[in-house]
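Q: Give me a model of this one.
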Amino acid sequence: MRTIIQCFLCPRSVSRKPFSSSAGFIPYQRNKNDHSCEKTLEEDNEEEPQTFLGNISIPKKKHAIQMIYCGAGYYGMQINNTTPLPTIEGQIVSALVKAQCIPEICSTNLKLIRFQRCARTDKGVSALAQVISVSLFDNCANPVEVINSHLPPEIRVLGVKRVTKGFNAKLKCDARTYSYTLPTFALSKNTGSFPDSSFRLPREDFHHVNRLVSFYKGTHSFHNFTRGKLSDDPSARRHIYSIFCSEPFVRHGVEFVRIVVTGQSFMLHQIRKMVGLIIAVMKGAATPEFLPLSMQVSKINLPLAPALGLVLECTHFHFHNKRCHYNQSTRTITWEEFMPAAEAFREEKIMPVIIGGELEDLSMFSWLQQFSGYTYVII
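A: Predicted coordinates:
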């Protein structure tokens, strides 16, 4: 039996194109003769009776909010009422109250308005295609403009749309696409005492990265790529539809690439550990056979790449939209109309943070100094 040993060596001295909402993956295909979900659409459109909490009216009309944000300075997407730490949802909920879309009493009990986000993002992670489902009052003529007037410039609402009462942003999402932007010197075997801005990834190495990431495609147990999961835990099995490394691009004299991955859903730290292991292999700290082994053996402590370069690129609602088209409904969730605004936001708000974090704060380079003390061997 092969045994994996993680060795700690002495550290070295420290001196695109926009994404389509339906492209890049093949969603689950339902039986053509099964119309069970379509026949409930009219029932789903029925309004629920108005409810009250004391003498306060609670909104019942379900909406989908499509939004983008730069996660720098925020402690993730999800609101946390037990701490004062700033979150994206905290800003959104506050803006909804100020815009009179929800009563203030609902801001501390989001279950009252059936609040659900499409994807959680961790501290510092940005998004170009986040969706929230929430019950709102339907009394605002220009909800996007009004809500944005109460939001900071790093958080923007792109669209507010009526959806059926059964719409749940998390459950209706077929897949999520993320990108991870990193300087190519992270993929070089040599890490000197200072980042080499002149480094350019050789074409052979570029193709090698794409061969390596292809190991992640398909359905695997990613128990080693998150916390608190055992190898036999069914919830650790995740499906990756597609993954690739983009063509390099240069900003301020430094070359970068993006690793783009589309999957059904992702666990905490999964993508950052997927990237971390690719870097480990490229630097020679692990052999390529570690990629398939990491999804088989009981426990390996994999390196966690920095959060800085991670961006939620797209959320896919293929089956929901197909259902809407079948019923001639306009309540689809798509991103095409918002792509120009999203790309402009990327260049104005997100990329300066990522590039600045690499050039000024040396985010990846500092992490590589720590990482350089790791190696993995198979005996």
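Q: show me where pLDDT drops low in the stretch 1-150 of the chain?
A: In the predicted model of the stretch 1-150 of the chain, residues 1-55 satisfy pLDDT under 70.
Q: in the sheet, who's paired with the residue nearest to the spatial centre of the chain?
A: By C-alpha atoms, centre = their mean, the chain has its centre lying nearest to residue 312, at 3.4 Å. Beta-bridge partners for residue 312, by DSSP bridges, are residue 127, residue 178.
Q: wouldn't it be in contact with residue 122 here?
A: No: under the criterion of C-beta atoms under 8 Å, residue 312 is not in contact with residue 122, lying 10.5 Å apart. All C-beta spots, glycine's among them, are computed from the backbone N, C-alpha and C.
Q: nearest residue to residue 272 other than its sequence neighbours?
A: With C-beta to C-beta, 6 or more residues apart in numbering as the criterion, residue 272 has its nearest non-adjacent residue at 4.6 Å, and that residue is residue 305.
Q: circling back to that earlier point, would you mind measuring from the residue nearest to the centre of the chain to residue 94?
A: Using C-beta to C-beta, to the nearest Å, one obtains 21 Å as the distance from residue 312 to residue 94.
Q: do the same with residue 291
A: Residue 291 is 43 Å from residue 94, where distance means C-beta to C-beta.
Q: more neighbours, these two?
A: Neighbours were counted for residue 291 and for residue 94 using other C-beta atoms under 10 Å; residue 291 has more, 21 against 15.
Q: Surely that one is within a helix?
A: Yes: when classified by DSSP: H, G, I helix; E, B strand; the rest coil, residue 291 is found to be part of a helix.
Q: can you give me the strands in the stretch 201-350 of the chain?
A: Per DSSP state E, counting those that start in this stretch, the stretch 201-350 of the chain carries strands over the ranges 218-221, 237-245, 249-251, 254-263, 310-316.
Q: so of these, which one's packed in deepest?
A: Scoring these by mean neighbour count under mean count of other C-beta atoms under 10 Å gives strand 310-316 as the most buried, with a mean of 25.
Q: Can you list the neighbours in contact with that one?
A: Strand 310-316 is contacted from outside by 19-22, 24-25, 27, 118-119, 121-122, 124-131, 173-181, 260, 262, 271-272, 333, 335, 346, 350, using C-beta atoms under 8 Å, 6 or more residues apart in numbering.
Q: Go through those and flag which are in helices.
A: Of the contacts of strand 310-316, the ones assigned to helices by DSSP state H are 271-272.
Q: of the contacts of strand 310-316, buried ones?
A: 19, 21-22, 24-25, 118-119, 121-122, 124-131, 173-181, 260, 262, 271-272, 333, 335, 346, 350 (16 or more other C-beta atoms under 10 Å).
Q: okay, residue 300: pLDDT?
A: If you check residue 300, the pLDDT there is 86.
Q: Find the nearest non-adjacent residue to residue 89, please.
A: Residue 89's closest residue in space is residue 79 (C-beta to C-beta, 6+ apart), at 3.8 Å.
Q: brain fart, residue 152
A: Among residues not flanking residue 152 along the chain, residue 91 sits closest, at 6.5 Å (C-beta to C-beta, 6+ apart).
Q: so the one you found is in which element?
A: Following DSSP states H and E, one finds residue 91 within helix 88-98.
Q: what's that helix packed up against?
A: strand 61-69, strand 126-136, helix 143-148, strand 155-162 (3 or more C-beta pairs under 8 Å, 6 or more residues apart in numbering; DSSP states H and E).
Q: what separates it from the chain centre, distance-wise?
A: Relative to the centre of its chain, helix 88-98 is centred 20 Å away, using C-alpha atoms, centre = their mean, to the nearest Å.
Q: Give me the distance between the nearest residue to residue 317 once chain neighbours are set aside and residue 253.
A: Distances taken as C-beta to C-beta, 6+ apart place residue 333 nearest to residue 317, at 4.2 Å, with adjacent residues excluded. Separation of residue 333 from residue 253 (C-beta to C-beta): 40 Å.
Q: Please apply the same query to residue 309.
A: Residue 309 is 18 Å from residue 253, where distance means C-beta to C-beta.
Q: between those two, which one's more packed in?
A: residue 309 (29 against 8).
Q: and the gap between the residue nearest to the centre of the chain and residue 136?
A: Distance from residue 312 to residue 136, counting by C-beta to C-beta: 23 Å.
Q: repeat for residue 110
A: Remark: distance between residue 110 and residue 136 (C-beta to C-beta) = 12 Å.
Q: Between those two, tell me which one has more neighbours.
A: Shown here are residue 110 and residue 136; by other C-beta under 10 Å, residue 136 has more neighbours (23 against 17).
Q: quick one: that one and residue 102 touch, right?
A: Yes: under the criterion of C-beta under 8 Å, residue 136 makes contact with residue 102 at 6.2 Å.
Q: which neighbours do those two share?
A: Residues touching both residue 136 and residue 102 (C-beta under 8 Å, 6+ apart) are 59, 96, 113.
Q: ok, for residue 86, nearest residue in space, not its chain neighbours?
A: residue 74 is the one closest to residue 86 (C-beta to C-beta, 6+ apart), at 5.3 Å.
Q: Would you mind giving both backbone torsions of the one you found?
A: Dihedral pair for residue 74: phi -120, psi 150, per degrees, to the nearest 10.
Q: got it, and residue 167?
A: Phi and psi for residue 167, reported as degrees, to the nearest 10, are phi -70, psi 130.
Q: Tell me the pLDDT of it.
A: pLDDT recorded at residue 167 is 95.
Q: What about it, how many residues nearby?
A: 22.
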